[in-house]
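Undergrad: structural data only, the sequence is not supplied:
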Ligand SMILES: CC(C)(COP(=O)(O)OP(=O)(O)OC[C@H]1O[C@@H](n2cnc3c(N)ncnc32)[C@H](O)[C@@H]1OP(=O)(O)O)[C@@H](O)C(=O)NCCC(=O)NCCSC(=O)CC(=O)O
């Protein structure tokens, strides 16, 4: 990506409006998160695990996170805390409505910044791993926003943290190859789909993840009356997969929701490979001065950012 710029902005797709949204729920800020989590999940009989969570929270570098879940919801649904009880139905029912509604809040801001009516959106790309049913969250979002019946919808499911990047890349291709296209990208995630009482397996996820949505309107020139000046020009989009790393990150839908697996080696793997990925992204230009480019990193945790800073 690069900042907007005259004639070039008419060739490449550009971001024309950006919006974000977060719910306000229980458990933050991070310095009291462990106390709150153990209290609301009735887990205070596990003091060693609580101390470990406190240690990890301190090291996370995170100040606060937002959650859709409330203490009242947890009290009404004990199955969300007991892995022995099936809870997938509850989680699917709750997220079916909440995930597109959170996306709607972000999308409404993006569309307002863009400056045209929602009915002018021609394509919708929605990414989430927090819902799993059809009709899916993209159709619900289209209805909530009043998008036109002919809007071309694409749903990206279970892509994990790279869903946002892939959705933007797809939007760029759609905008540049369909004259006049205006693509709404929406990403919306809720930890409700994986939330549970703390145990040895989910403790890092409990430290890092929160709930939020982001939306962007993407289009290529010529620009329409009323459209704001492009915010970011999308010069290039590529994807590189590090070979033999399938074991490092994973999600699995189970009767108790989505189980996450985050290997302890993830920050090291990112640090060892980020330069190679950048060289691929910039088509072999290994002499690029990375700090002179504008690029964004998915903040998958402080040690990941530290490794990238040092590369
Ligand atoms: C957990 C951390 C905050 C800990 O910080 P440090 O690594 O600096 O500290 P540290 O080495 O002293 O580790 C503190 C304690 O955490 C434990 N620990 C560290 N990483 C762990 C992991 N992946 N799984 C289980 N335990 C882990 C250590 O064993 C140690 O336990 P003890 O104290 O008992 O010795 C950090 O490692 C981190 O952020 N890791 C997550 C990186 C990651 O996978 N990100 C991708 C997220 S996926 C994503 O981003 C998806 C999405 O967004 O949708």
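TA: Perfect, I can see it now. The structure displayed is predicted, hence computed values, not measured ones.

Undergrad: helices of the stretch 101-250 of the chain, start to end?
TA: Secondary structure of the stretch 101-250 of the chain (DSSP state H, counting those that start in this stretch): helices at 137-145, 163-177, 203-208.

Undergrad: and the shortest one, is it in reach of the ligand?
TA: Yes. Looking at helix 203-208 against the ligand by CB under 6 Å from any ligand atom, the contacts come from 204, 207, 208. Bear in mind the C-beta positions are built from the backbone N, C-alpha and C, glycine included.

Undergrad: related to what we said a few turns ago, got the helices of the stretch 101-250 of the chain as a markdown table, with mean neighbour count and distance to residue 253 columns?
TA: Converted to a markdown table, those look like this (neighbours: other CB atoms under 10 Å; distance: least, CB to CB, whole Å):
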| stretch | mean neighbour count | distance to residue 253 |
| --- | --- | --- |
| helix 137-145 | 21 | 16 |
| helix 163-177 | 20 | 16 |
| helix 203-208 | 20 | 15 |
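
Undergrad: need the least confident one among those helices, by mean pLDDT.
TA: Mean pLDDT per stretch puts helix 203-208 lowest among the helices of the stretch 101-250 of the chain, at a mean of 91.

Undergrad: how many neighbours does residue 69 have?
TA: Using other CB atoms under 10 Å, residue 69 is surrounded by 21 other residues.

Undergrad: tell me which of the helices of the stretch 101-250 of the chain sits nearest to residue 50.
TA: Among the helices of the stretch 101-250 of the chain, helix 203-208 comes nearest to residue 50, with 9.9 Å by CB to CB.

Undergrad: residue contacts, residue 127?
TA: Applying CB atoms under 8 Å, 6 or more residues apart in numbering to residue 127 gives the contacts 155, 156, 157, 159, 163, 164, 166, 167, 185, 186, 187.

Undergrad: any idea how far the third one is from the ligand?
TA: By that I understand residue 157. Residue 157 sits 13 Å away from the ligand, going by CB to the nearest ligand atom, to the nearest Å.

Undergrad: ok, that residue touching residue 128?
TA: Yes. Counting by CB atoms under 8 Å, residue 157 touches residue 128, with 6.8 Å between them.

Undergrad: neighbour count winner among these two?
TA: With neighbours defined as other CB under 10 Å, residue 157 and residue 128 compare such that residue 128 has more, 29 against 14.

Undergrad: which residue is the nearest non-sequential neighbour of the residue of the chain found nearest the ligand?
TA: Residue of the chain nearest the ligand, by CB to the nearest ligand atom: residue 301 (2.7 Å). Among residues not flanking residue 301 along the chain, residue 208 sits closest, at 5.7 Å (CB to CB, 6 or more residues apart in numbering).
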